[in-house]
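[1] how would this look folded up:
(one chain, ligands or ions: 1)
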Amino acid sequence: MNSQSPSPNRSGALLAEQIKLAYQQAPKALFVTLIVATMLAYIFWELVGKNWLLGWVAAIYALTFVRFLIVKAYFRKKPSAAESVIWGQQFYIGALLAGILWGSAGSIFFVADSAIHQLFLAYLLGGMVAGAMATLSSYKGVFLAFSIPVALPFTYQVIMHESDIQMIIALTFLLFVFTMGRISHQLHQTVTDSLKFRFDNIELLKRLIQTKNQLEQRVAERTEALTITNDILHQEKELFQITLASISDAVITTDANEKITFLNPTAEIFTGWSNEEMHNKPLHEAFHIMDIATHKPVPDPLADYLNELENSPQHSECILVNRDKKEYIIDYAVAPIQNEQKHRIGAVITFRDVTEQRKRTLKLAYQAAHDSLTGLLNRKEFENRLSKILTSMRKNDMHALLYLDLDQFKIINDSCGHSAGDKLLRQVTALLHSKLRARDTLARLGGDEFGVILEHCPKDQALQVADTLRESVQNFRFQWRGKTFTIGVSIGLFPITHGNQGLEHALNAADSACYAAKEQGRNRVQLYQSIPHLQGSVEMQQWLPRIRNALTEQRFQPYYQPTQLISSEHAEQEQHGVILLRLHDENGRLIMPGAFLSAAGRYDQVLPIDRWVVQRSLQFIRAHATHTTNAIYTINISGQALVNENFLDFTVNSIKDSQLDPACICFEISEQTALNDLQHVIRFVTTLKELGCRISIDDVSSNLSSLNYLKDIPLDYLKIDGRVIKNMLTDPVNQAMVESIHHIGHIMRLKTIAVWVENDQTLQILENISVDYVPGFWVAEPTPLNASLPLTDKKG
Ligand SMILES: Nc1nc2c(ncn2[C@@H]2O[C@H](COP(=O)(O)OP(=O)(O)OP(=O)(O)O)[C@@H](O)[C@H]2O)c(=O)[nH]1
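    Predicted coordinates for the structure are as follows:
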């Protein structure tokens, strides 16, 4: 606050202080007044009238007493600044009255003829004024209120006597009073200034105290906030430490200079170093890692991440070599630690052991790419590698693809069991391996089929390699429980050159060549290019989509050919017939089964065809069962269908669903099929026989060993091989064979059927032998099955 322009509050306080100072001086002044008044009365006792003197003294004493009481009341009351004004006025009046009384003393005690007494009076009144100057100056105006009444009566008295001495006394007295007035004014000013100064100091002090309090408060608040922050930081640190200690991942933190600042317990276990040992050590001392592929140390694991600090941590796999030189495969990630200004102040490396996981992954990958029996690559992986080779072919590259299929491997399985077959496959694998270069690829493509890729191997050299393989397999002797077996291998060779048509073509070509090798008598190498009916093989491949389309477009057509009963031994009039299969091609031409069945067999399409045939035949038989009684319909079943468990279930269910009498259905299988897989055939035949169906066996020759096997199959009909019938007229041996087959058949309680009857003489001989039935073109042409028409034949 500015001391030059005090505020109303402040000027009130200032006045109150001045009044207070005046009151504080009052007791001493009043006391002195009493002494001086008493002394004055004593000195002038004899010189002035007693009444005036006593009256004056009584008045002084009374006034002084009253003023004393006021002073006392003031200190008791301790008035506020506002109340002080009244007290000041009372004080003022008291001083004025006192001044008037002392002024009256200047008249009462004036001794006109005694200059010494006048001088003494002047001295005494001057003393009172001087005393008033000292005690009343603090309160402005009070000094004048006292001094002027004191000075005037005496001055008047002196001046009235008009002597020089008295004039001098009067002037000197007035000068003194005036001087006292000036001093009083200055004193008042000084008191006022010092009071103001005091107020300023108090104000300043107050503000200082206030500021100090505010500062203390802020310090207290800051301290409290700091304490809370410290607490939070401490808790977070605790949480951080506990989290790091309890997580299963290993964690290492570094500062900006890649010096280690912390290792969590998992990291301690993996690295073999403790947190204390590694504190402030370079990262690589604890985190010594190597590249998985090259096995070379990774010098600075953080280097790759420096440019990617903004990105989320990238994971990498590497080998961690610990303190004891033990190696782990780890998956690790690096993340930067940044300050608020985004400056890197360190890094966090987290890692975990993926050794087992990696081993499992490798194992799974290995299993996915390898054959479990032989350990060779499987077909899928073989195709992958072949595909890669084909796509990376350069102009002059020459490779070769071999397709190997063991010959008569089934015999080993059938006669010695599957485990023997497995053993043979493993031994053949080792044998083939030993004949190939390390860079060649050998794979097991399925069952007894192998594939070989001979990289950078021209055709002639590949032919030599293929023949070496073939010869090794041919010379190989398989031992099983004291017996020795030999096998062969048929190999198809496809030279891979720049501009080949891709993976599928290469595989099909090698497969076709292998198939051709089989066709030509097995145990040989067949070069794809040199197959004269190569085009035929390619055509065969084209049958796959055609057969599929024919099935979906319902272009297969069943035909029916009746069989004639020629034996007179039979009283019953059974009507027999065979259901045959034909195909209408895309242009409506009729295709015989010989054209597509081998392709169907090669490309696994026989089963869907057989299913279709069974279903359509049963529909047809059901439709005609009302027209014809005692009719038996023969349906041909392929070898692939016979060994298929689902097909047997399908057939049984279809017959049950058709609600036909199973006795009117006859299933026909070929002798070769029956002998190939006797076990499956017996199961198939027995199941259908139990259902009530009949079974016919086709193409039976006079091979005694095969007839011996057939004893075990519960058959109804025996169809004599057409090639034997055909030459009966010219070859008596054939006729004898037919007789013996018929004879054996009858002994086995089977009815015999002779096929390929092309003339009446043959028919006559067959009637003489008492063969039971004769089918074929000689009897009746096959006719398309039409559900609406009754069956007809040439019989009779
Ligand atoms: N032991 C054994 N046999 C298998 C395995 N895989 C398939 N086979 C059999 O291998 C045989 C292969 O059949 P084919 O190639 O038609 O028989 P093959 O006797 O070699 O006849 P050709 O090849 O015409 O000379 C079938 O009998 C399968 O059951 C296997 O892992 N172990």
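
[2] name the residue of the stretch 51-200 of the chain that lies nearest to the ligand.
    residue 200 (114.0 Å; Cβ to the nearest ligand atom). Using the backbone N, CA and C atoms, a C-beta is placed for each residue, glycine as well.

[3] same deal with the chain?
    For the chain, Cβ to the nearest ligand atom, closest residue to the ligand: residue 421, 2.4 Å.

[4] which SS class is that residue?
    When classified by DSSP: H, G, I helix; E, B strand; the rest coil, residue 421 comes out as helix.

[5] residues contacting it?
    409, 412, 413 (Cβ atoms under 8 Å, 6 or more residues apart in numbering).

[6] now with 10 Å, please.
    373, 406, 409-415, 447-448, 478, 480 (Cβ atoms under 10 Å, 6 or more residues apart in numbering).

[7] same check, this time on residue 503
    Counted by Cβ under 10 Å, 6+ apart, residue 503 has contacts 383, 384, 386, 387, 388, 389, 390, 391, 401.

[8] mind checking how far the nearest residue to it once chain neighbours are set aside is from residue 364?
    Ranked by Cβ to Cβ, 6 or more residues apart in numbering and with sequence neighbours excluded, the top spatial neighbour of residue 503 is residue 387, at 4.8 Å. From residue 387 over to residue 364 the distance is 21 Å, taken as Cβ to Cβ, to the nearest Å.

[9] poorly predicted segments of the protein, please.
    1-8, 304-314, 500, 529-541, 567-574, 625-629, 676, 702-706, 776-779, 786-796 (pLDDT under 70).

[10] can you give the domain ranges for it?
    Here the domain parsing of the chain from automatic domain parsing is 8-208, 248-360, 373-532, 556-784.

[11] residue 684: which element?
    helix 678-691 (DSSP states H and E).

[12] what packs against the longest helix seen in the chain?
    Counting residues, the longest helix found in the chain (DSSP state H) is helix 164-246. Applying 3 or more Cβ pairs under 10 Å, 6 or more residues apart in numbering; DSSP states H and E, we find helix 164-246 packed against helix 8-43, helix 115-136, helix 142-160, strand 250-255, strand 260-263, helix 265-271.

[13] return the distance of the shortest one from the chain's centre.
    The reference is to strand 260-263. A distance of 27 Å separates the centroid of the chain from that of strand 260-263, by Cα atoms, centre = their mean, to the nearest Å.

[14] starting from it, tell me which strands it pairs with and how they run.
    strand 250-255 (antiparallel) (DSSP bridges).

[15] before we move on, back to that, who has more neighbours, residue 387 and residue 364?
    residue 387 (14 against 10; other Cβ atoms under 10 Å).

[16] what sits up against the one helix or strand the more buried one maps to?
    Assigned by DSSP H and E, residue 387 belongs to helix 379-391. Helix 379-391 is contacted from outside by 365-366, 368-371, 376-378, 397, 399, 401, 441-446, 449-453, 455, 496, 498, 500-507, 510, using Cβ under 10 Å, 6+ apart.

[17] can we see that at 8 Å?
    The contact list for helix 379-391 (Cβ under 8 Å, 6+ apart) reads 368-370, 377, 399, 401, 441, 443-446, 451, 453, 455, 496, 500, 502-503, 506-507.

[18] tell me the residue furthest from the middle of the protein?
    residue 113 (129.4 Å; Cα atoms, centre = their mean).

[19] give me the three-state assignment for it.
    coil.

[20] now residue 501
    coil.

[21] alright, calling it a day.
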